[in-house]
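1. Just need the structure, nothing else, for what follows:
(4 chains)
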4 protein chains.
Amino acid sequence: MCRWIAYRGETIPLEDYVTAPVHSLVVQSQRALEATASTNGDGFGMGWYGEHAEPGLYREVRPAWSDENLRYLCRHIRSHLYFAHVRASTGTPIMRPNCHPFACGRWMFMHNGLIGNWSRLRRKVEALIPDSVYGSRIGTTDSEAVFLAIVGAGCDRNPIGATASVLATLTDMVSTKDYKEPLRFTAALANGRDLYAFRYAANDNANTLYYRESGTSVVVVSEPLDKERAHWKPVPPGHMVVAQADKPARLEPFPVTQRMAAE
Amino acid sequence: MCRWIAYRGETIPLEDYVTAPVHSLVVQSQRALEATASTNGDGFGMGWYGEHAEPGLYREVRPAWSDENLRYLCRHIRSHLYFAHVRASTGTPIMRPNCHPFACGRWMFMHNGLIGNWSRLRRKVEALIPDSVYGSRIGTTDSEAVFLAIVGAGCDRNPIGATASVLATLTDMVSTKDYKEPLRFTAALANGRDLYAFRYAANDNANTLYYRESGTSVVVVSEPLDKERAHWKPVPPGHMVVAQADKPARLEPFPVTQRMAAE
Amino acid sequence: MCRWIAYRGETIPLEDYVTAPVHSLVVQSQRALEATASTNGDGFGMGWYGEHAEPGLYREVRPAWSDENLRYLCRHIRSHLYFAHVRASTGTPIMRPNCHPFACGRWMFMHNGLIGNWSRLRRKVEALIPDSVYGSRIGTTDSEAVFLAIVGAGCDRNPIGATASVLATLTDMVSTKDYKEPLRFTAALANGRDLYAFRYAANDNANTLYYRESGTSVVVVSEPLDKERAHWKPVPPGHMVVAQADKPARLEPFPVTQRMAAE
Amino acid sequence: MCRWIAYRGETIPLEDYVTAPVHSLVVQSQRALEATASTNGDGFGMGWYGEHAEPGLYREVRPAWSDENLRYLCRHIRSHLYFAHVRASTGTPIMRPNCHPFACGRWMFMHNGLIGNWSRLRRKVEALIPDSVYGSRIGTTDSEAVFLAIVGAGCDRNPIGATASVLATLTDMVSTKDYKEPLRFTAALANGRDLYAFRYAANDNANTLYYRESGTSVVVVSEPLDKERAHWKPVPPGHMVVAQADKPARLEPFPVTQRMAAE
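-> Numbering: from 1, shown residues only, chains lettered A, B, ... in the order given. Below you'll find the predicted structure:
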């Protein structure tokens, strides 16, 4: 089980959330509190938006806590919208293209969870990726495949709809008449202006997700970064945080179920 | 364009061919003579058979010339059948699962060449891999996909036939009426007892391949390891070296064309 | 605080102690029981003797648990005397030359512990290394410096005496009239035939050390590899295990104090 | 022999010199023109100044041409004063702390050259580093040792004087009555405001160095980044480029000889 943070708001150095807090993401890489895997040492990654339309990425197979480059970059890179992720592999190889976040055009995505029996579902999920996007599949994770399926499902026009649509399809895949497999999806999606964070599960409990607002800024996290628990609001299962540019963050139901009912 | 060596014969330390010769594979990683890419620094790998039925692998993203572990391992690991490969990427990411050789059960494979327009053909080639073997696809190269297709085509029963069959299919894929794309396949395949080395191309010139026999031992190489050119026999295009256990090596036509004509 | 194992006995695959046991060294890299650092993910290393007079080394900055090469090598490399070590850095950089074990000629060494205030003592300890050996200093750890000082103190003639002599000097360095700094030294030293393992501390408690004999084989470990606690004998502080070729292992006092009293 | 570039001027993305030009530094990593080592694949590094007083560093052991992080960082990081360096090791290990540039407080340094017989001189050069700075020695290169000696010689008060003083001492070390060893020093030094670049040698030819001015900006390089040779002015041996904040760059004699004559 991985840990991540996503930030959108005033332009700040990445270090403010990645390395500085008492229970920062780098601290969580060595000892997470609300995760079944106590160590998240199977690589890490950061992605951020700056003046360029496409995000920057820095991904590395070493644990976050032992990477001296990470400290320098967090101190020097400033952004109004950024992601950071520490990985605990659920089986796929530890290589940079399997580290989160993933980028495709101006979109960026990261994930904590798993897609049922991946070895059984892999080809079906990969088949959801349209040819126009398949060239961006440079790793082998379930997370990257789901992201590219979302991009292919019309993320540019309707990011929430595309995500809900793909998750509804995945929910069907893991829920056959004969057996059910767990699907856990706690993910962040952004396009340089807007940030979406989802907490969802089928056939299992959803992984934890919290957010904190401060002025026009919002930070979404797998687990709180400090002891001030009162500031961190839990995102309920089946819900999402929508933090669009220049607007306050909204907590809303993630419309997977509605869509599924409508079908 | 990569460089490789394959050895089958008396049990010897890997260093005898990987690091010791004047123009050893490690030297070729920094400066190859018969290759279009003068540097083969995009990772490397070794695979070898020992007492265990399945081969050992050592793969690394650093250049072969700069890896101190490689020197120790080549001095200490002894084998009767081993592969070594230095990579010059044709575009797929530089990560360990994309380094050669690849292993699947007792089979081991490495490749120098390319499959036409890989981004266009990738899905078609991946579709040749049966479900039973698809879980072994941990990288994203054309080479690994072709290997798993060969394993899936009945490598255990008939390794030459399975390889020829897959190559015939690939030849069809790159040779449509409207346009032709290059297919270059200079590869080695082994099962712990027998070694097969192929030199083939469609719509292009085949990459170089040489072999040298000495007693009951045979070594097959992308380019000669020393100045004694007379000892190194070229493998003609469309031919293969068959070095089965306890038998002298044979040079034979690689039956792709026959099969294609027969169909 | 690091974790290590050292083995001398029948020739066996490295996997028998490094990866196979319930609480193997690789498991300890992710979760050690008797260590203050619960994770030992700051690189790892193995060293072994084979037919060559000098040991082989494999060292890597990634955590042991995430290195696929490690599993292959442990299955395929066999040895009558080998070391393996998982590192929790006490401050020096995470790079291969700072990973244990260290080798110098036919000698090999690894360490769990620390040398007081290293930044204050570093130059003094480095000054103990004679010029003839200083070229072998390729890293920056206290452990490597102590090893090279031991080699320089006459390891070839008298390994126990050389080690005791250097430790007596170090004990003086950390014990001035005005203040005392901790010195913890739990280390293994070997020359291809004989294995020595030391448990010592000054101004602090010694790190744990256990050993287990089985026939003519002996394995020395930071902490037991399985639940059969009765088989694992603790090495008392200030003692050492001497396992010379073809002889049963002996538990003896580590003669640092005697030497210091004699001076 | 390494290759490097140093820039001081308008704030620009690092990519303008590191990855974009026809013969950019990344291209030079694979094929340099004016160097004896055609490949500079033994790691690389970048250092830059931003809003923080101390520089940021990104150093990696992989070749520059194969690092996808490098491309993202060069596109997203902007600076008014930055260094980039591709390394061809002269023997010291390939590890991040041996990659250039080096940083100490607000100072940053990189080097192309060598210090005579390093294994013989190493201890003498390390002895030039004062205790107050010795804790910053985290690698083992001659270059880092020389840098820390320069910092220790009063870089803050008089950077040119400190550099000339250390180089005069080094020149003495490599020039004994009985034999002479080559000393080649083509280096850049900066403090966040001012850039100094030196071309010097003793007992050998100096490595190449060029610079180009454009408005208030100056870039200093091991070899020209494009075919417009007329724009690139060679720095003569024994000279330096002084590019202080808000002033045009000046070409001046590097006062090693003067100082030596004065003593």
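2. quick one: average pLDDT of stretch A:186-194?
-> When pLDDT is averaged over stretch A:186-194, the result is 98.
3. Send me stretch A:69-86 as CSV with only the CA atoms.
-> Extracted C-alpha coordinates of stretch A:69-86, given in CSV (Å, rounded to 0.1, in the frame of the first residue of the first chain):
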residue,chain,number,x,y,z
ASN,A,69,18.6,14.6,-4.9
LEU,A,70,15.1,14.6,-3.6
ARG,A,71,16.0,17.0,-0.8
TYR,A,72,17.6,19.4,-3.2
LEU,A,73,14.7,19.3,-5.7
CYS,A,74,12.1,19.7,-3.0
ARG,A,75,13.9,22.8,-1.7
HIS,A,76,14.3,24.4,-5.2
ILE,A,77,11.2,23.4,-7.2
ARG,A,78,8.1,25.6,-6.6
SER,A,79,4.7,24.8,-7.9
HIS,A,80,1.0,25.6,-7.6
LEU,A,81,0.0,22.0,-8.3
TYR,A,82,2.1,19.0,-7.5
PHE,A,83,2.0,15.3,-6.6
ALA,A,84,4.4,13.1,-4.5
HIS,A,85,4.2,9.4,-4.0
VAL,A,86,6.1,6.7,-2.1
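4. Run a quick neighbour tally on residue A:190.
-> By other Cβ atoms under 10 Å in any protein chain shown, 27 other residues sit near residue A:190. Using the backbone N, CA and C atoms, a C-beta is placed for each residue, glycine as well.
5. helix/strand/coil for the nearest residue to residue A:134 once chain neighbours are set aside?
-> Sequence neighbours aside, residue B:123 is the residue nearest to residue A:134 in space, at 6.4 Å (criterion: Cβ to Cβ, 6 or more residues apart in numbering or on different chains). Three-state assignment for residue B:123 (DSSP: H, G, I helix; E, B strand; the rest coil): helix.
6. Identify all contacting residues around stretch A:219-231.
-> The contact list for stretch A:219-231 (Cβ atoms under 8 Å, 6 or more residues apart in numbering or on different chains) reads A:2-7, A:9, A:17, A:21-25, A:28, A:32-35, A:112, A:186, A:188, A:195, A:197, A:207-212, A:232, A:235, A:241, A:243.
7. What values do phi and psi take at residue A:164?
-> phi -60, psi -40 (degrees, to the nearest 10).
8. I'd like to know which of the contacts of stretch A:219-231 are buried.
-> A:2-7, A:9, A:17, A:21, A:23-25, A:28, A:32, A:35, A:112, A:186, A:188, A:195, A:197, A:207-212, A:232, A:235, A:241, A:243 (16 or more other Cβ atoms under 10 Å in any protein chain shown).
9. taking those one by one, which sit in strands?
-> A:3-7, A:9, A:112, A:186, A:188, A:195, A:197, A:210-212, A:241, A:243 (DSSP state E).
10. Name the spans of the stretch 1-150 of chain A whose pLDDT lies under the cut-off.
-> Counting by pLDDT under 70, the stretch 1-150 of chain A contains low-confidence ranges at A:1, A:33, A:35-37.
11. Could you report the neighbour count for whichever residue of chain A sits closest to chain B?
-> Residue nearest to chain B within chain A: residue A:95 (3.7 Å; Cβ to the nearest Cβ). Neighbourhood size, residue A:95 [other Cβ under 10 Å]: 24.
12. ok, it - contacts?
-> A:43, A:61, A:139, B:93, B:95-97 are the contacts of residue A:95 under Cβ under 8 Å, 6+ apart.
13. give me that answer again for 7 Å
-> A:61, A:139, B:95-97 (Cβ atoms under 7 Å, 6 or more residues apart in numbering or on different chains).
14. With residue A:98 as the reference, measure out to the closest residue to residue A:117 other than its chain neighbours.
-> The shortest distance from residue A:117 to any non-neighbouring residue, by Cβ to Cβ, 6+ apart, is to residue A:181 (5.1 Å). Distance, residue A:181 to residue A:98, by Cβ to Cβ, to the nearest Å: 21 Å.
15. who's more crowded, those two?
-> Between residue A:181 and residue A:98, counting by other Cβ under 10 Å, residue A:98 is the more crowded of the two (25 against 18).
16. Spit out the contact partners of the closest residue to the more buried one other than its chain neighbours.
-> For residue A:98, ignoring the flanking residues on the chain, the nearest one in space by Cβ to Cβ, 6+ apart is residue A:139 at 4.3 Å. Applying Cβ under 7 Å, 6+ apart to residue A:139 gives the contacts A:95, A:97-98.
17. what helix or strand does residue A:139 sit in?
-> Assigned by DSSP states H and E, residue A:139 belongs to neither a helix nor a strand.
18. That one and residue D:107, how far apart?
-> Applying Cβ to Cβ, the value for residue A:139 to residue D:107 is 39 Å.
19. Repeat that for residue A:233.
-> 45 Å.
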